[in-house]
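Asks: all I have is the shape, not the residue letters:
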């Protein structure tokens, strides 16, 4: 059963790699507006939250202060907005790798600021070894020039900050109201945040029904991939994090960069045995990180009988 959970995490990473491809294609449209992609995912996830509550009834939606839902929605949309904008400035696998930096940031905050967990130095080192390995495999085996800008780094740091905040809010909300209510709440306020931002920054488009329909008709495949991958992430995350925790989950998701590197090479018709072999090594190492993390998390959770932390949003 445990190995199936890990494999499902890897499969989810593979699905999320299609998101990177779809975002890259969407950004070729000069009038790309992140809200049009994110809003579709929010709608799907929102109804998914209702379905989860129907099959797995939880506590009352209003058991916690509604401000938690509002902040969760705002930080989720802003995190997604800045990350989507980053794809225009950085190579896609660089974006995905830097977006995972919320994991070590969360570890540092939990251990040295909030003092809720003991800092795992070995896991911290293992995480960055995997990051460096995947970056090297993507960089040295691809003919595609690397793209890095200061604006892109700024965007991704803002995205990480939003997701770290969101992760702590999830840790507060989900145990109290359940995953279904959390999904309903954050998607509602995330949608409203995106709608208001779009109405302010892109007022010529947000109320232009003809342009909106034209955008969806031209990009329906990429929007579908994005929506399905993001929805799969949230709707499958609840049980996964209860068994493996935040760090293990992101350790599995980190392989999205590795998969994307291979997808990109296949598209460019670059076939390299080294990258394929390196992929296998990274996946094995990734599995080791997942299982070593799970064991330490289970020991901690058995002591205080509480979930470790929420999942950051991609």
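Replies: Okay, I see it. All figures in this text were calculated on a predicted structure; none of them were measured in a lab.
Asks: which parts of stretch 191-205 are buried?
Replies: 191, 193, 194, 197, 198, 202, 205 (16 or more other CB atoms under 10 Å). (C-beta placed from N, C-alpha, C; glycine too.)
Asks: dump these into CSV; add pLDDT as well.
Replies: Formatted as CSV, those follow (pLDDT from 0 to 100):
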residue, pLDDT
191, 94
193, 94
194, 92
197, 90
198, 85
202, 80
205, 75
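Asks: sitting in helices, which of those do you find?
Replies: 191, 193, 194, 197, 198, 205 (DSSP state H).
Asks: tally of neighbours for residue 113?
Replies: 8 (other CB atoms under 10 Å).
Asks: distance of it from residue 168?
Replies: 11 Å (CB to CB, to the nearest Å).
Asks: low-confidence ranges in the stretch 1-150 of the chain?
Replies: 1-24, 26-31, 58, 96, 141-144 (pLDDT under 70).
Asks: contact partners for the nearest residue to residue 151 once chain neighbours are set aside?
Replies: Leaving aside its sequence neighbours, residue 151 sits nearest to residue 89 (CB to CB, 6 or more residues apart in numbering; 5.2 Å). Contact analysis of residue 89 by CB atoms under 8 Å, 6 or more residues apart in numbering lists 147, 148, 149, 151, 152, 155.
Asks: pretty sure residue 211 contacts residue 205?
Replies: Yes: using CB atoms under 8 Å, residue 211 is in contact with residue 205, at 5.5 Å.
Asks: okay if I get the buried residues of stretch 191-205 as CSV plus distance to residue 34?
Replies: Formatted as CSV, these follow (distance: CB to CB, whole Å):
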residue, distance to residue 34
191, 12
193, 11
194, 7
197, 9
198, 8
202, 10
205, 12
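Asks: which one among the residues you listed gets closest to residue 162?
Replies: Checking the buried residues of stretch 191-205 against residue 162 with CB to CB, the nearest one is residue 193 at 11.1 Å.
Asks: distance check, that closest one against residue 174.
Replies: 20 Å.
Asks: quick one: contacts for the closest residue to residue 172 other than its chain neighbours?
Replies: Closest residue to residue 172 apart from its sequence neighbours, by CB to CB, 6+ apart: residue 68 at 6.4 Å. Counting by CB under 8 Å, 6+ apart, residue 68 touches 169, 172, 173, 185.
Asks: would you agree the last one is in contact with residue 71?
Replies: It refers to residue 185. No: when contacts are counted by CB under 8 Å, residue 185 is not listed as touching residue 71 (10.4 Å).
Asks: the two - which one has more neighbours?
Replies: Legend: neighbour count by other CB under 10 Å for residue 185 and residue 71, higher for residue 185 (23 against 17).
Asks: related to what we said a few turns ago, now, among the buried residues of stretch 191-205, which is nearest to residue 52?
Replies: Of those, the one sitting nearest to residue 52 (CB to CB) turns out to be residue 191, at 18.0 Å.
Asks: quick check: closest non-adjacent residue to the closest one.
Replies: Nearest to residue 191 is residue 42, by CB to CB, 6+ apart, at 4.6 Å.
Asks: do I have it right that the one you found meets residue 193?
Replies: No: Residue 42 is beyond contact range of residue 193, at 9.9 Å (criterion: CB under 8 Å).
Asks: hey, where'd the helices end up in the stretch 151-300 of the chain?
Replies: 203-206, 209-253, 255-267, 273-304 (DSSP state H, counting those that start in this stretch).
Asks: that older thread, any chance of a markdown table for the ones in helices among the buried residues of stretch 191-205, columns distance to residue 161?
Replies: Below are these laid out as a markdown table (distance: CB to CB, whole Å):
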| residue | distance to residue 161 |
| --- | --- |
| 191 | 21 |
| 193 | 16 |
| 194 | 18 |
| 197 | 17 |
| 198 | 21 |
| 205 | 27 |
